[in-house]
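# Okay, structure incoming, though there's no sequence with it:
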């Protein structure tokens, strides 16, 4: 157990719908990352938050958005869902300091199926 | 941005043999290189990492080597066991003004044959 939690574990929804994925980082970690992993694919970085602020953006679609709340949990919002959005979505946290890189610890993931 | 290439994409070895996975990166300023193991449907788990001020790091049967000049790093697994079968990902990262993005390789599917 990495200490990072994600809910829900599974999500099945229809095209055009909107969903919210939730992540709670490890205690004390200020940085949260979101990744998308499609079937048999690698990890695609979506976005990073640090202490409530957006820090880095990767290949995140405009239909997707995220935020990090004062208690440091984060939510990833996916809207106007398409079949191709079906994937495993991972959240990772890190005790990221502003001037140093630290290891990431991944949550168990949310499997999203769009039908 | 950074580009991380990983080879091979698949690797089969006999139990007890060694396995080597190689990654190259493009950004010479990258300074942190983790390796993750991912079993089917599970989360990626950090197995070893190395920083740019170190050339080699070992943890029991696992070792990572880094060649900064050539911009490549490798994962070495000795005395492989069936439970080592998984997908392994390398990554490169650095702190920059625009954030701290991790760039992942495309993964190596390792099969250890009993």
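Cool, the structure landed. Quick caveat: nothing in here was measured; it's all calculated off a predicted structure.
# tally of neighbours for residue A:36?
Per other C-beta atoms under 10 Å in any protein chain shown, the neighbour tally for residue A:36 reads 23. No exception for glycine: its C-beta is placed from N, CA and C like everyone else's.
# My guess is it contacts residue A:87. True?
Yes: shown here, residue A:36 and residue A:87 form a contact pair, counting by C-beta atoms under 8 Å, at 5.0 Å.
# Just give me the neighbour total for residue 66.
If you meant another chain, say so; for now it's chain A. The burial count for residue A:66: 23, using other C-beta under 10 Å.
# Chain B was what I was after
21.
# Tell me who's in contact with residue A:111.
Residues in contact with residue A:111 (C-beta atoms under 8 Å, 6 or more residues apart in numbering or on different chains) are A:9-11, A:87-89.
# Could you dump those into CSV with distance to residue B:47 added?
Compiled in CSV, these are given as follows (distance: C-beta to C-beta, whole Å):
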residue, distance to residue B:47
A:9, 24
A:10, 27
A:11, 29
A:87, 23
A:88, 19
A:89, 22
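# Just the buried ones from the residues you listed, in ChimeraX syntax?
Burial among those is assessed by 16 or more other C-beta atoms under 10 Å in any protein chain shown; the matching ChimeraX selection reads:
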select /A:11,87,88,89
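# between the contacts of residue A:111, which is closest to residue B:35?
residue A:88 (19.4 Å; C-beta to C-beta).
# Name whatever forms a beta bridge with that closest one.
residue A:37, residue A:111 (DSSP bridges).
# just checking, it touches residue A:37?
Yes: counting by C-beta under 8 Å, residue A:88 does reach residue A:37; the two are 4.5 Å apart.
# list residues touching both of those two?
Contacts common to residue A:88 and residue A:37, judged by C-beta under 8 Å, 6+ apart, are residue A:109.
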